[in-house]
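Chemist: what would the 3D arrangement of this be:
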Amino acid sequence: MAFEQALQSFTAAAGQDLTNAQFRFATLDANGNAVLQSVAGAPSVGVLQNAPRLGEAAEIAFSGVSKVVMAASAPPMTTVSSDANGAAVAAADGSGYAVSGTTIVSTISGSIGSVLLNVNITKA
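Modeler: Take a look at the predicted model:
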């Protein structure tokens, strides 16, 4: 069962409609607005904790244990990155992907998992 613990977060205006993006990886656009991470393996600033409409406050967790939408199944201690839809996928060694967290429970593809956030460590 997925859980959250000791989250630290910040808010930014939603730069797009994020009503279907809760618990997905987010980034900031050139104006500092929160947007869905839509480039596989690119750095994220954290995980969206709410589901704001365009212009509303987006809460983004950057530290702690967060719920995250999983794009693939993974055992505990799997480093994850974002796919092109903001969901978590395994970040393989040598991929050059920015690691956004580490799973702490077994996860199933399409489910909500729990990830210890450690954003922007590159898998060189």
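Chemist: can you name the residues that contact Ala72?
Modeler: Ala88, Val89, Ala90, Ser109 (C-beta atoms under 8 Å, 6 or more residues apart in numbering). Using the backbone N, CA and C atoms, a C-beta is placed for each residue, glycine as well.
Chemist: excluding sequence neighbours, find me the nearest residue to the third one.
Modeler: Using C-beta to C-beta, 6 or more residues apart in numbering and skipping residues adjacent in sequence, the residue nearest Ala90 is Thr78, 5.3 Å away.
Chemist: next one: the one you found from Leu28, what distance?
Modeler: Thr78 is 26 Å from Leu28, where distance means C-beta to C-beta, to the nearest Å.
Chemist: more crowded one of those two?
Modeler: The residue with more neighbours, out of Thr78 and Leu28, is Thr78; 22 against 16, by other C-beta atoms under 10 Å.
Chemist: now do the buried residues in stretch 89-106.
Modeler: Val89, Ala90, Ala91, Ser95, Tyr97, Ala98, Val99, Ser100, Gly101, Thr102, Thr103, Ile104 (16 or more other C-beta atoms under 10 Å).
Chemist: what of stretch 11-26?
Modeler: Ala12, Ala14, Gly15, Gln16, Leu18, Ala21, Gln22, Phe23, Arg24, Phe25, Ala26.
Chemist: same check on stretch 41-61?
Modeler: Judged by neighbour count using 16+ other C-beta under 10 Å, the buried positions of stretch 41-61 are 41-52, 58-61.
Chemist: only alpha carbons, please: show the longest strand seen in the chain as CSV.
Modeler: In the chain, assigned by DSSP state E, the strand with the most residues is strand 57-69. Only the C-alpha atoms of strand 57-69 are listed here, as CSV (Å, rounded to 0.1, in the frame of the first residue of the first chain):
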residue,chain,number,x,y,z
ALA,A,57,-1.4,26.8,-7.0
ALA,A,58,0.5,23.6,-7.7
GLU,A,59,2.0,21.9,-4.6
ILE,A,60,5.2,20.1,-5.5
ALA,A,61,7.0,17.8,-3.0
PHE,A,62,10.8,17.7,-3.4
SER,A,63,11.8,15.8,-0.3
GLY,A,64,10.4,12.9,1.8
VAL,A,65,8.4,9.9,0.8
SER,A,66,5.8,10.7,-1.9
LYS,A,67,3.1,8.7,-3.7
VAL,A,68,4.0,8.4,-7.4
VAL,A,69,2.2,7.0,-10.4
